Structure formats: C-alpha cells, structure tokens
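Enquirer: Pasting a predicted model and its sequence here:
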Amino acid sequence: MSDHNKYNIDLTMDPPAEDTLRQYYFIEKAKQYVKAESEEAGRPLTACITTFGCQMNARDSEKLRGILLDIGYEEAPEEEADFVIFNTCTVRENANTRVYGRLGQLKPRKKKNPHMKIGLCGCMMQEPEVIEKLKKSYSFVDIVFGTHNIYKFAELICQRYESKKMVVDIWKDTDKIVEDLPNERKYSFKSGINIMFGCNNFCSYCIVPYVRGRERSRKPEDIIREIKRLVADGVTEVMLLGQNVNSYGKTLDEPMTFAQLLTEIEKIEGLKRIRFMTSHPKDLSDELIDVMASSKKICKHLHLPVQSGSTQILEKMNRRYTKESYLHLVEKLRAKVPDISLTTDIIVGFPGETEEDFEETLDVVRKVRYDSAFTFIYSKRTGTPAAKMENQVPADVVKDRFDRLLAEVQSIAAEVCAVHEGTTQEVLIESVSDHDPSMVTGRMSNNLLVHLKGDASMIGSYVNAHLTECKGFYYLGELVE
Ligand code: SAH
Ligand code: SF4
Ligand code: F3S
C-alpha cells in the first residue's frame, strides 16, 4: 500500500485545497469510518467493482479499487460483497439494460445486509435521464458519480457516511487531470495507462464525446513517470489508452505528437512491449507508421476501426475518411510493417445503410483480411445526430446483414490466424488456462493467444513457443528451451 504519511495528513485540520492532497485526506478519513463500521460488524468489510465498458472503463475501475483497498475494504466476489460498485458503459443500449437488471437483483440483498452499499459510476451516469430514473426508482443506491470525478471516490464515501442519504455528484465536463492517486492493477506484469481523456470527434452515432467530455492529453512527463514507476514494480507491457490516441498532444501547452510520445516511451529501460488503442484512421500519420516500423517494443498489432466500408455512410458517420483512403492507409502500413496484425470495429445498420453500402463493408473486410473484427448492431443513442436521422434500417434486415458479416469475418480470421502455424514466437504468459490447469495462456506480439503446457510460476515471463496447431482464434504451442 502507498505510504500516506509522507503527505502528513492531519484529520483535525480542514481538508487541503490541492486535489491530490485533498483526496489523501479523505482516504484517511474514510479509513476511520470503514474501521469503525467493520468493528461494529465484527468482521472485515468487503467490496467488488464490476466493469461494464471498455479498457478505459477498466482502468478507471483499477483506480477505484486502489482507493477501496486503501481505505480498508477487502475484495470479494460480487455475490458476497458489502460494497458493490458498477462502473457502467452506455455506448450501446444493451449495456444500459444490463445495469438496470443487475441493480434490481441487489435490492433484496441490501434489505438483509445492514453494511451493504451500492455505488454507480461511469459513462451511463453522465446521462441526465439515467440520474432521474435512479432517483425515482432506485433510491436504495448510495453513491452515484460520473466519469470526470472518479478521483473523488474517497471523498464521496465520506459524504455518504456523514449524510446517510444518496450522494449524487455528476460533472458535465472537466479540464482537470488529477495525478498520483492510488490504483490496484489487475495484472502484475501489464497495465493500461491513460494518455488522454475524452473525445472531440463526434462520430454521429457515438455517445462517448457527450459522456467523456472534451479531449485532453496528460503531460508526457507524467505519463513517462507513471510508466517508469510501473516498470520498477514489475510491469513489462503497457497499453496506452485514449479514444483517439493519434490525436495525442494537440491540446498540450507544448504540443507533441503521438509518434514523439512513443519514441520517448520506447527509451524506458525494462519495458518490453508497447500497445495502444484506439487509433482513428483519419489521424494516423506517416510519422507514426515510421515509428512503428522501426520500434523494437511496439507490438505488431493495430486496432483500426473502419466502422463501415461505404464512403457515403462514413460521411454520414462523420468519420472523415473514405473507403479508398482507409484501404490506402492499410496498404501503407503493410508495406512498412509487413507482419502487422490488423483488427477493427464495424457497425451494421447505421441509418440509411443500403444493401450496396453493406456490400462495400464486406468488400473492405475481404480486401483487408482482418485478424479479427468486433461487429456491432447500430444502437440509437439519444442526443447523438444519428438518432434523428431518417431511414433507420429495419431490425430483420440488420440481423441478416450482421449474420453475413460475422460469417465472413470469422472465416477470414481463421485463415489469417493460421499463417503463423509452425513458427516460433515470443509469448508473454498471462494466466493459467481456464479450461485446463496444466496449461497456461500467453499472448504474442500480434495479440493472438497461445495455450501451452505450464504452471502459475510462468505468469509474467516471456517464453518462446513453437506454434503447433491453429485452433481458429488461438494456438496450441510447445515451449522451446
Ligand atoms: N474511440 C474508438 C471507439 C470507442 S467505442 C474509435 O473511434 O474507434 C467502441 C466501438 O463501439 C466503436 O468503434 C463502434 O464500432 C462501436 N459503437 C459506438 N457507438 C455505437 C453505436 N451507437 N451503435 C453501435 N456500435 C457503436
Ligand atoms: Fe466515439 Fe468516434 Fe470518439 Fe471513437 S472517435 S469515441 S467512435 S466519437
Ligand atoms: Fe462505454 Fe464509456 Fe468506454 S460508454 S465504451 S465505457 S468510454
């Protein structure tokens, strides 16, 4: 645990004004509340955070977890935990539906357990109609906060202890980035790192810019310092996170490109692998391709969401590239980084999508030959421009296209993945296999998984694996001494 004494926290004083110090003050204060409650209960209090969204959401959960463990909670599965936190997502309607369903299940548990608390945070909370609904129909929830103020978690917990009623704290937007707070990583050997927050792209279907606010980049020195600290703590692989990492640095006082940031990160000794997501095709520069081509640490994988293969639909989506320019970009990438693996996101059934538009998407899939693709059925998000567009595509037509797309994506992915069969690759071992305790699972530079004989002692180490058999989306391999 981090040593807070260095901050000289004195709870008899008023809380400090500076953000980081202020939060360490509330961490100390919350610690006392939790200790008292746990003495009353005669046992330690437990907590669980469930992440519903993307990798940025998952990284936020690690920050919340750091605070919870600091203030004295122990971890437990959701079914047993005294404090249940849902870190929500609202990118598609079904993400919201899942949260309400799970929330309903918590109500009877809360009646039985006097120490139970429920916290809701994340992107869904940034929508005013969600907050209205929670206040009206889910008043048993204790703490509600949004995406901009997760760093205040300990302060909100204190408020809940003091006020005894639902605490709601939602900010519309922020220009703040609060550094140096605790966090607890899920893996010891790899970590996500936020390099920027928010999004300014306003793709017409997407709610993220409304719930994550305006784009802002962390200072390079803060990012480098965090990575160095992680490396000293055993991390060898980092995933740089942002909604559009290719526009990193544009809003800094001293602007810097993403490619320049990568060059600096590459120099960190002890760091072995660098990944990043997500890359918006419109901002992927030649400078970045060159840095990727010459780097020894940047993984041979790029997630490059295309969303649609139809230039006409791309325009309505406000993606600011065409089918041709996307394909040209892929060509340039493959010419400079020949063994790169490409993955993508595709939306089916965007308003006005015709059969011809959809065929263009299939055409891109066939031309690019992705290693894998996340396929989504278009979901109408209130407040986005696309929600008001005419010609919403009927559900049965969308379903038919979705099935055809999935079949195409999967059969190509199986062929593309199989090309590595018989080769030997470096693999970072991540976990013991879920299905077979005598096997471990590792990840190659290109992000594909390999299962091989082994045990927990190998977790976090790099081994060479001979890829004996491709099983569609993963490999069986043998350790090469
Ligand atoms: N910033 C990333 C994407 C973040 S959201 C990017 O620009 O690529 C992840 C994916 O969810 C998107 O790539 C898109 O394919 C999908 N998505 C976003 N909004 C959606 C919607 N309204 N309906 C269906 N899928 C959506
Ligand atoms: Fe959404 Fe587009 Fe921003 Fe990605 S770039 S988060 S799809 S608005
Ligand atoms: Fe979902 Fe928010 Fe991520 S809406 S996809 S959790 S940024």
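Expert: Thanks, I have it. Ligands and ions are numbered 1, 2, ... in the order given.

Enquirer: Low-confidence ranges, the chain, go.
Expert: The chain contains residues with pLDDT under 70 at 1-6.

Enquirer: Residue of it nearest ligand 3, please.
Expert: Proximity of the chain to ligand 3 (Cβ to the nearest ligand atom) peaks at residue 53, 2.3 Å away. For every residue, glycine as well, the C-beta is placed using N, CA and C.

Enquirer: what's the nearest residue to that residue if we skip its chain neighbours?
Expert: Of all residues not flanking residue 53 in the chain, residue 89 sits nearest, at 3.0 Å (Cβ to Cβ, 6 or more residues apart in numbering).

Enquirer: unless I'm mixing things up, that neighbour is touching residue 55, no?
Expert: No - with contact defined as Cβ atoms under 8 Å, residue 89 and residue 55 do not form a contacting pair (11.2 Å).

Enquirer: Quick check: the gap between residue 193 and residue 208.
Expert: Separation of residue 193 from residue 208 (Cβ to Cβ, to the nearest Å): 19 Å.

Enquirer: Which residues are in contact with the closest residue in space to residue 349 that isn't next to it in sequence?
Expert: Nearest non-adjacent residue to residue 349, counting by Cβ to Cβ, 6+ apart: residue 398, 3.4 Å away. Listed by Cβ atoms under 8 Å, 6 or more residues apart in numbering, the contact set of residue 398 reads 348-349, 377-378.

Enquirer: before we move on, which element is residue 398 in?
Expert: Residue 398 is part of helix 395-417 when elements are defined by DSSP states H and E.

Enquirer: does any bit of that helix sit next to ligand 1?
Expert: No - on the criterion Cβ under 6 Å from any ligand atom, helix 395-417 is out of touch with ligand 1, staying 10.6 Å away.

Enquirer: in that helix, what's buried?
Expert: Using 16 or more other Cβ atoms under 10 Å as the test for burial, helix 395-417 gives 398, 401-402, 405, 408-409, 412-413, 416-417.

Enquirer: Report the backbone C-alpha coordinates of the helix or strand just after it in PDB.
Expert: Tracing the chain past helix 395-417, the next element assigned as helix or strand by DSSP H and E is strand 424-432. Provided in PDB are the C-alpha atoms of strand 424-432 (Å, rounded to 0.1, in the frame of the first residue of the first chain):
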ATOM      1  CA  THR A 424       8.300 -20.000 -33.100                       C
ATOM      2  CA  GLN A 425       7.100 -16.800 -31.400                       C
ATOM      3  CA  GLU A 426       7.800 -14.900 -28.200                       C
ATOM      4  CA  VAL A 427       4.900 -15.200 -25.900                       C
ATOM      5  CA  LEU A 428       4.100 -13.300 -22.600                       C
ATOM      6  CA  ILE A 429       2.400 -15.800 -20.300                       C
ATOM      7  CA  GLU A 430      -0.600 -14.200 -18.700                       C
ATOM      8  CA  SER A 431      -2.600 -16.800 -16.800                       C
ATOM      9  CA  VAL A 432      -3.300 -20.400 -16.100                       C
END
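
Enquirer: Does anything pack onto strand 424-432? Which helices or strands?
Expert: Applying 3 or more Cβ pairs under 8 Å, 6 or more residues apart in numbering; DSSP states H and E, one finds that strand 424-432 makes contact with strand 439-444, strand 449-453, strand 462-470, strand 474-480.

Enquirer: strands paired with the longest one, and their directions?
Expert: Meaning strand 462-470. strand 424-432 (antiparallel), strand 474-480 (antiparallel) (DSSP bridges).

Enquirer: hmm, who's touching the last one?
Expert: Think strand 474-480. Strand 474-480 has contacts (Cβ under 8 Å, 6+ apart) with 417, 420-421, 424-425, 427, 448-454, 463-469.

Enquirer: Could you pick out the buried ones from these?
Expert: Neighbour-count burial (16+ other Cβ under 10 Å) is assigned, among the contacts of strand 474-480, to 417, 420, 425, 427, 448-452, 454, 463, 465-467.

Enquirer: follow-up on the earlier one: of all the strands paired with strand 462-470, which lies closest to residue 394?
Expert: Relative to residue 394, the nearest member of those by Cβ to Cβ is strand 474-480, separated by 36.3 Å.

Enquirer: picking up where we left off before, who has more neighbours out of residue 89 and residue 55?
Expert: Set residue 89 next to residue 55 and count neighbours by other Cβ atoms under 10 Å: residue 89 wins out with 23 against 14.

Enquirer: Run through the helices of this protein in chain order.
Expert: All helices of the chain, identified by DSSP state H, fall at 19-41, 55-70, 93-112, 128-137, 153-163, 208-212, 220-232, 258-266, 286-294, 311-316, 323-336, 355-368, 395-417.

Enquirer: Contacts only, for the residue nearest the centre of the chain.
Expert: For the chain, residue 55 is the residue whose C-alpha lies nearest the centre (Cα atoms, centre = their mean; 0.9 Å). Counting by Cβ under 8 Å, 6+ apart, residue 55 makes contact with 192, 239, 241, 277.

Enquirer: for ligand 3, what are the nearby residues on the chain?
Expert: Residues of the chain found near ligand 3 (Cβ under 6 Å from any ligand atom) are 53-54, 56-57, 89-91, 122-123, 208, 211-212.

Enquirer: Out of those, the closest to ligand 1 would be?
Expert: The closest of the residues of the chain next to ligand 3, once distances to ligand 1 are taken by Cβ to the nearest ligand atom, is residue 91, at 4.9 Å.

Enquirer: mind checking how far the closest one is from residue 429?
Expert: 31 Å.

Enquirer: Show me which of these two is the more surrounded one.
Expert: residue 429 (24 against 21).

Enquirer: and the more buried one, bridged to which residues?
Expert: residue 442.

Enquirer: That one reaches residue 444, doesn't it?
Expert: No - assessed by Cβ under 8 Å, residue 429 is found out of contact with residue 444, at 11.3 Å.

Enquirer: mind listing what the closest residue to residue 270 other than its chain neighbours touches?
Expert: In space, and not counting its chain neighbours, residue 270 is closest to residue 231: 4.4 Å by Cβ to Cβ, 6+ apart. The contact partners of residue 231, by Cβ under 8 Å, 6+ apart, come to 268-271.

Enquirer: I'd like the strands paired with strand 462-470 laid out as JSON lines, including distance to residue 26.
Expert: Putting these into JSON lines (distance: least, Cβ to Cβ, whole Å) gives the following:
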{"stretch": "strand 424-432", "distance to residue 26": "35"}
{"stretch": "strand 474-480", "distance to residue 26": "44"}
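
Enquirer: Tell me which of those sits nearest to residue 221.
Expert: Taking Cβ to Cβ, strand 424-432 is the member of the strands paired with strand 462-470 nearest to residue 221, at 27.4 Å.

Enquirer: where does that closest one sit relative to the chain's centre, distance-wise?
Expert: 22 Å (Cα atoms, centre = their mean, to the nearest Å).

Enquirer: So for residue 193 and residue 208, which sits in the more crowded spot?
Expert: Neighbours around residue 193 and residue 208, counted as other Cβ under 10 Å, are more numerous at residue 208. The numbers are 25 against 19.
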